[in-house]
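Novice: Show me the folded form of this:
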Amino acid sequence: MNDLQITVEDQPKEEERRRVVDGLLAYNESQTGDVSYERLTLVLREASGDVVGGLLGEIYWGWLHIDILWIDDSLRSRGYGGKLLAVAEQKAIAKGCRSVFLDTFSFQALSFYENCGYEVFGELADFPPGHIRYFLKKLLKVNGGDAPPNNSFNPTPR
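Specialist: Numbering: from 1, shown residues only. Next comes the predicted model:
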């Protein structure tokens, strides 16, 4: 083991990053038998084609993870965020998802997500300093009812 070294790569080669990702995916598959993964990208555009908002996420293990939801300041509080969430949730249901998880900060959109049915399941105080990072989840409604519990993945921080 003494011949191994750790290096900090300021500009890593893509093949090196890919090796790390592929290694984790292989391990995950060995443990879960499932490596299905799909990116979800929703874009909100003006008539001119300019991007004024969007949602980025991924679907895996029966869950939708929302990584980023952004709406241009000039368009906030007009319902576009809720519409993006609704489309993402419907796509997730169509792909067999039963739940969604995401995170937000105390200076971002906690009340928005709570108003959309998300509940806090964890938080990190003082991240960034003086603020809180919240982790939220939501059970999706499948065919008009609540989805059954999905025990295949629990993103609760430890």
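
Novice: what sits against the residue lying closest to residue 107 once chain neighbours are set aside?
Specialist: Nearest residue to residue 107 in three dimensions, chain neighbours excluded: residue 131, at 5.6 Å (Cβ to Cβ, 6 or more residues apart in numbering). Quick note: C-beta positions are derived from backbone N, CA and C, even for glycine. Residue 131 sits next to 105, 106, 107 when contact means Cβ atoms under 8 Å, 6 or more residues apart in numbering.

Novice: In helices only, show me the residues you listed.
Specialist: Among these, no member is found in helices (DSSP state H).

Novice: Please convert those to TSV, extending it with distance to residue 99, pLDDT and neighbour count.
Specialist: Listed next are those as TSV, based on distance: Cβ to Cβ, whole Å; pLDDT from 0 to 100; neighbours: other Cβ atoms under 10 Å:
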residue	distance to residue 99	pLDDT	neighbour count
105	21	98	14
106	23	97	15
107	26	97	10
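
Novice: nearest to residue 135, of these?
Specialist: Distance to residue 135 across those (Cβ to Cβ) is lowest for residue 105, with 10.9 Å.

Novice: The closest one reaches residue 129, doesn't it?
Specialist: No. Here residue 105 lies out of contact with residue 129, judged by Cβ atoms under 8 Å, at a distance of 11.7 Å.

Novice: Please pull out the lowest mean pLDDT helix or strand from this structure.
Specialist: None of the helices or strands of the chain scores lower by mean pLDDT, DSSP states H and E than strand 145-146, at a mean of 58.
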